[in-house]
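[1] Structural data only, the sequence is not supplied:
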């Protein structure tokens, strides 16, 4: 019986052994496992597109990054914006870009082209005014007859407002003032502060006056005389310039006077325009940037010299005419800097006589001009000879293209200009970039 009990237990063991077989049968359910394993894979594959969608998002962002980089890489942006179509007429929809000088001068954009001697002729002046800025003729290097003819040429090219730049110390300044009044010129600008008589005569006739100043006290003085606006030029500017940087001068002057202050010295684009407005200015005035346009009459090979000049390739010297003047550093400038004052005068006097023949000025007119300059500026005879000589040296390069024998006035901004657009393209680009800058700043 005991044996039978054991044998009866044996089948039980078999049942237990069958259980593993049942487990084996479960293993035969591997297809089910495959189905379950396939299910996750199917789920993964269904999730894969989601991952792809997530991966496409970064790609969209990656596309956005080059745009941000292009804002930092300004030369390509400048070239593209030059080729882009003109901004809509609503470009001045930004209130910040419509300042007091727009209404005062009757211009579309708060951008002024300065009166550069030998550079700002009828073509450049009319092109600037026609494009929406304020073009200014350079009358300081013109005879009275040339000024009459050039004003007529500008009027033939554009019906928009323009200005004329004069020297307050010219012997026939009142004759020129009467000409501006008679021709209904919008603005009279001056490289130096004009006298009260000049300002009053112009103001009574409805001609706006705008001298260039380099210090706060000068702005306060001419405002008391009745000028309508001032150009505050910092030391970065070209030609005759002061000692105070633009970024310090603009806010200092704008805080001292109630009249519009236009910033000059170191401007070339829309970012600079926005910066000038942020500093308290009502716009910008540019010389070198307009010189390097297709509408400038400066010879192409001379423009190339400017394009090749580095930001540290300029120097402020008194050797040209006794006053601080920023020019491109050339071999001639180095010679003038090292020249003996005793030998500098006779050489300058001879060159002044040569200039007299070039311009058709008579000897009495030259002497009258020299005496007026000496009295108004308190120059020594040596400085006077250099001052009379400077226009000829500048003309030699700016008009005749003799770079090796001339003077090349320039602002430091020449060191970062690398192309020559038309004036219309330049102004369109500046306004478009100013709008983009304001949007980026949330303005």
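    Everything's here; your move. Since the structure is predicted, the reported quantities are computational estimates derived from the model, not experimental observations.
[2] in this protein, which ranges drop under the pLDDT threshold?
    1-93, 340-389 (pLDDT under 70).
[3] Can you spell out the domain ranges of it, please?
    87-299+418-440, 314-405 (automatic domain parsing).
[4] Pull up the distance across the last one, start to finish.
    Distances were taken as Cα to Cα, to the nearest Å; on that basis the terminal residues of domain 314-405 are 17 Å apart.
[5] who's in contact with residue 168?
    Residues near residue 168 by Cβ atoms under 8 Å, 6 or more residues apart in numbering: 190-195, 198, 211, 376. All C-beta spots, glycine's among them, are computed from the backbone N, C-alpha and C.
[6] Please enumerate the strands of the stretch 251-400 of the chain.
    261-264, 284-286, 314-317, 325-328 (DSSP state E, counting those that start in this stretch).
[7] Which strands or helices does the third one pack on?
    Using 3 or more Cβ pairs under 8 Å, 6 or more residues apart in numbering; DSSP states H and E, the elements in contact with strand 314-317 are strand 325-328, helix 331-338.
[8] and the ones you listed, which is most packed in?
    Among these, strand 325-328 has the highest mean neighbour count (mean count of other Cβ atoms under 10 Å), at a mean of 22.
[9] Identify each of the strands in the stretch 51-200 of the chain and give its residue range.
    Secondary structure of the stretch 51-200 of the chain (DSSP E, counting those that start in this stretch): strands at 111-113, 134-138, 162-166, 187-190.
[10] out of those strands, which comes closest to residue 339?
    Residue 339 lies closest to strand 134-138 among the strands of the stretch 51-200 of the chain, at 27.5 Å (Cβ to Cβ).
[11] What is the closest one packed up against?
    Short answer (3+ Cβ pairs under 8 Å, 6+ apart): strand 134-138 packs on strand 111-113, helix 122-130, helix 144-157, strand 162-166, strand 187-190.
[12] Return the angle between stretch directions for it and strand 162-166.
    Angle of strand 134-138 versus strand 162-166, following axes from the mean of the first three to the mean of the last three Cα atoms, to 10 degrees, is 30 degrees.
[13] buried set for strand 134-138?
    When burial is assessed from 16 or more other Cβ atoms under 10 Å, strand 134-138 yields the following buried residues: 134-138.
[14] Just give the number of residues close to residue 224.
    10 (other Cβ atoms under 10 Å).
[15] Residue 259 versus that one, what's the distance?
    For residue 224, the distance to residue 259 equals 11 Å [Cβ to Cβ, to the nearest Å].
[16] And residue 420, by the same measure?
    Applying Cβ to Cβ to residue 420 and residue 259 gives a distance of 34 Å.
[17] thinking again about what came up before, could you dump the helices and strands packed on strand 134-138 to a markdown table with distance to residue 216 and mean neighbour count?
    A markdown table is the format used below for the helices and strands packed on strand 134-138 (distance: least, Cβ to Cβ, whole Å; neighbours: other Cβ atoms under 10 Å):
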| stretch | distance to residue 216 | mean neighbour count |
| --- | --- | --- |
| strand 111-113 | 20 | 30 |
| helix 122-130 | 28 | 25 |
| helix 144-157 | 32 | 16 |
| strand 162-166 | 22 | 27 |
| strand 187-190 | 18 | 27 |
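[18] Any chance of CSV for these, columns distance to residue 325?
    CSV is the format used below for the helices and strands packed on strand 134-138 (distance: least, Cβ to Cβ, whole Å):
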stretch, distance to residue 325
strand 111-113, 19
helix 122-130, 21
helix 144-157, 23
strand 162-166, 16
strand 187-190, 17
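[19] do you know which of the ones you listed lies nearest residue 295?
    Nearest to residue 295, of all the helices and strands packed on strand 134-138, is helix 122-130, at 4.1 Å by Cβ to Cβ.
[20] So which elements touch the closest one?
    Counting contacts by 3+ Cβ pairs under 8 Å, 6+ apart, helix 122-130 packs against strand 111-113, strand 134-138, helix 144-157, strand 162-166, helix 423-440.
[21] Helix 423-440 and that helix, what's the angle between them?
    40 degrees.
[22] Contacts for helix 122-130 next, please.
    Outside helix 122-130, the residues that touch it by Cβ under 8 Å, 6+ apart are 107, 111, 113, 134-137, 150, 153-154, 157-158, 160-162, 290, 293, 295-297, 422-424, 427.
[23] next one: stretch 211-227
    In contact with stretch 211-227 (Cβ under 8 Å, 6+ apart) are residues 114, 168, 189-196, 199-200, 203, 209-210, 230-235, 241-244, 249, 252-253, 256-259, 261, 264.
[24] And those, which of them are buried?
    114, 168, 189-194, 199, 203, 209-210, 230-235, 241-242, 244, 249, 252-253, 257, 259, 261, 264.
[25] Out of the residues you listed, which sit inside helices?
    199, 203, 249, 252-253 (DSSP state H).
[26] Among those, which one lies nearest to residue 416?
    Nearest member of those to residue 416, counting by Cβ to Cβ, is residue 249, at 20.0 Å.
[27] how close does the closest one get to residue 233?
    For residue 249, the distance to residue 233 - Cβ to Cβ - is 8 Å.
[28] Mutual contacts of these two, please.
    Common contacts of residue 249 and residue 233 (Cβ under 8 Å, 6+ apart): 214, 242, 265.
[29] correct me, but the last one touches residue 240?
    No: contact status for residue 265 versus residue 240: not in contact, 11.5 Å apart, counting by Cβ atoms under 8 Å.
[30] my guess is residue 245 meets residue 235, correct?
    Yes: using Cβ under 8 Å, residue 245 is in contact with residue 235, at 5.7 Å.
[31] got any residues that touch both of the two?
    Common contacts of residue 245 and residue 235 (Cβ under 8 Å, 6+ apart): residue 265.
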